[in-house]
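Visitor: Provided below are the primary sequence and the corresponding predicted coordinates.
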Amino acid sequence: MKRAAGAPLPRLAGAEPPSASRRVALYRRIRGAIVEGSLSPGARLPSTRALAGELGVSRTTVEEAFQQLVAEGFLERRVGDGSYVSSAVPVRPAVPAAPAPGVALSARGRQVIGTPIHPDTLTSSAFRGGQPDVAAFPLRTWRRLLSQRLGRRGARLLDYGEAAGYRPLREAIAAHAATSRGVRCGPGQVIVLSSSQQALDLAARLLLDPGDDVWLEDPCYQGALGAMRAAGGNVVPVPVDQAGMDVAAGRALAPRARLAVVTPSHQYPLGVTMSLERRLALVDWAAAARALVLEDDYDSEYRYDGRPIAAIQGLDRAGRVLYVGTFTKMLYPSLRLAYLIAPDALVDAFVAARRLIDGHPPVLMQAVVADFMEGGHLVAHLRAMRALYGERRAVLVEALRREVGGAGRLGPSDAGLHVSLHLEGARDLEVRARALGLGVDAATLSAQAIRPGSVNGLILGDAALSPAVIREGVRGLARALTGGRRAAGRGAGRGGERRS
């Protein structure tokens, strides 16, 4: 800026955003000069008339900028004398100080950010795991229900809601969980949350004191591992075999553990189903040890061979099991609705914690989900998705057997939105790196292990992929398994490079 009667106003570094008005631009320039120390306390500014003439703007523009600065305490006006930088502004050196050292995180903060978790998933490519096919979601029905809700006293749904969740949705969840999962509960035990991860975090914070032992499946979902460790829990890795978590091993390792976290219907990431014998053993241990079980039933609705397996919660008679379900897999991920079914003795505590963290879930979307469930649309949608995902799973299994052969052993494939491929010989991290170069993205089993080296393989999500993408992805994976060369066997016999 040019000089006017009063202190010179330095230029700001960089250009103003194109959208900034002249008033905003002037306000930012003067404020920046004061904050950076170029204009010191007590400095007199040019008059609004003089400054407007120098800048070629209206006096009103300058006056409004000055008024804003006065309101924020940067300037003070003296009747008949002019405008000055407020004496209340601390004296700051015009030369920037050396960068301050990084802000130190708490031990919990370091634990939270140190948890290896999947990056944000913005595309569906082979073989990103855990994704439902949002393109198959019944948008027309959803749009109609949403429109009806907005038109039927919709303004009431824009206000604050109950911390435990919208009552009709809690009733619908309790009925659905009882019918489809064998859960024993009433609506008063249902707490609507934003995600299953929030349920894990809440449970860890409310149920664990620092140093408490907590059983965790090994390998496991890393979000569970991070939540337990961030709360100060002493994580005890309990091996998983073809019958699920080894309860006898857990008893031997930490008989007085406070909590056990399990994914019994479709274990993440191995895909095995916990046997009835071990489910009963887990419930018996929890009752005898006065421990609690957190049952994460994240994608149990999708079983392609027979009916879904009943939940552990339905076997519990001592009030020791907390059940977690999510609409992320049943409906669509960005809905951000899940639920926790808590024993009666813990409901009030979880509702209070929910209220403290973020109040309550979005009421409007809860109401639409309740209508979706009560109208029978959820049951119909799940039935259609089981058929669709089952067809895609069959394509994946057939392609893996044809293209990969003895290079990998397929885990259970009768449920869920992913399967595991155990590798023979090749290291999963090396295979993943080569696969990424071929356009194939598959998470590794080793990254989900608590004990290093306990598992070696890949996690293949298939639900959101078309048969063509699945087959193409398997061909790329086969090339990655052979070091990037053309896959051997039947596929290579047809000639030509495999495109992935």
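Guide: Right, received. Where do you want to start?

Visitor: what comes up buried for stretch 228-240?
Guide: 228, 229, 230, 231, 232, 233, 235, 236, 237, 238, 240 (16 or more other CB atoms under 10 Å). In this view, the C-beta of every residue, glycine as well, is placed from N, C-alpha and C.

Visitor: go on, stretch 466-480?
Guide: Neighbour-count burial for stretch 466-480 [16+ other CB under 10 Å]: 469, 470, 471, 472, 473, 474, 475, 476, 477, 478, 479, 480.

Visitor: Now the two most distant members of the buried residues of stretch 228-240.
Guide: Spatial extent of the buried residues of stretch 228-240 (CB to CB) is set by the pair 232 and 240 at 24.2 Å.

Visitor: centre of the chain versus stretch 412-429, how much separation?
Guide: Mean-position distance between stretch 412-429 and its chain equals 23 Å (CA atoms, centre = their mean, to the nearest Å).

Visitor: how about the buried residues of stretch 228-240 in CSV, adding secondary structure?
Guide: Converted to CSV, the buried residues of stretch 228-240 look like this (DSSP: H, G, I helix; E, B strand; the rest coil):
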residue, secondary structure
228, helix
229, helix
230, helix
231, coil
232, coil
233, coil
235, strand
236, strand
237, strand
238, strand
240, strand
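
Visitor: Poorly predicted segments of the stretch 1-150 of the chain, please.
Guide: Residue ranges of the stretch 1-150 of the chain with pLDDT under 70: 1-20, 92-101, 116-124.

Visitor: So which residues of it form helices?
Guide: Along the stretch 1-150 of the chain, counting by DSSP state H, counting those that start in this stretch, helices occupy 22-36, 48-55, 59-71, 107-113, 139-151.

Visitor: Repeat that for the stretch 151-300 of the chain.
Guide: Along the stretch 151-300 of the chain, counting by DSSP H, counting those that start in this stretch, helices occupy 167-181, 196-207, 222-230, 247-253, 276-289.

Visitor: Just name the most buried of these.
Guide: Neighbour counts (mean count of other CB atoms under 10 Å) averaged over each of these peak at helix 222-230, with a mean of 23.

Visitor: by contact count, what packs against that helix?
Guide: The contact analysis (3 or more CB pairs under 8 Å, 6 or more residues apart in numbering; DSSP states H and E) places helix 222-230 against helix 107-113, helix 196-207, strand 213-218, strand 234-241, strand 259-262.

Visitor: Redo these as a markdown table? Include distance to residue 427.
Guide: Formatted as a markdown table, these follow (distance: least, CB to CB, whole Å):
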| stretch | distance to residue 427 |
| --- | --- |
| helix 107-113 | 27 |
| helix 196-207 | 29 |
| strand 213-218 | 19 |
| strand 234-241 | 21 |
| strand 259-262 | 28 |
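
Visitor: For these, which has the smallest mean pLDDT value?
Guide: Least confidently modelled of the helices and strands packed on helix 222-230 is helix 107-113, at a mean of 80 by mean pLDDT.

Visitor: in that helix, what counts as buried?
Guide: Neighbour-count burial for helix 107-113 [16+ other CB under 10 Å]: 111, 112.

Visitor: what helices or strands is it leaning on?
Guide: Short answer (3+ CB pairs under 8 Å, 6+ apart): helix 107-113 packs on helix 222-230.

Visitor: Is it possible to get TSV of the helices of the stretch 1-150 of the chain that adds distance to residue 277?
Guide: As requested, these are exported to TSV (distance: least, CB to CB, whole Å):
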stretch	distance to residue 277
helix 22-36	68
helix 48-55	82
helix 59-71	71
helix 107-113	35
helix 139-151	42
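
Visitor: To residue 422, which of the ones you listed lies closest?
Guide: Checking the helices of the stretch 1-150 of the chain against residue 422 by CB to CB gives helix 107-113 as the closest, at 29.7 Å.

Visitor: What is the end-to-end distance of stretch 131-138?
Guide: Distance between the two ends of stretch 131-138: 16 Å, counting by CA to CA, to the nearest Å.

Visitor: In this structure, where's the longest helix?
Guide: Counting by DSSP state H, the longest helix found in the chain is helix 377-403.
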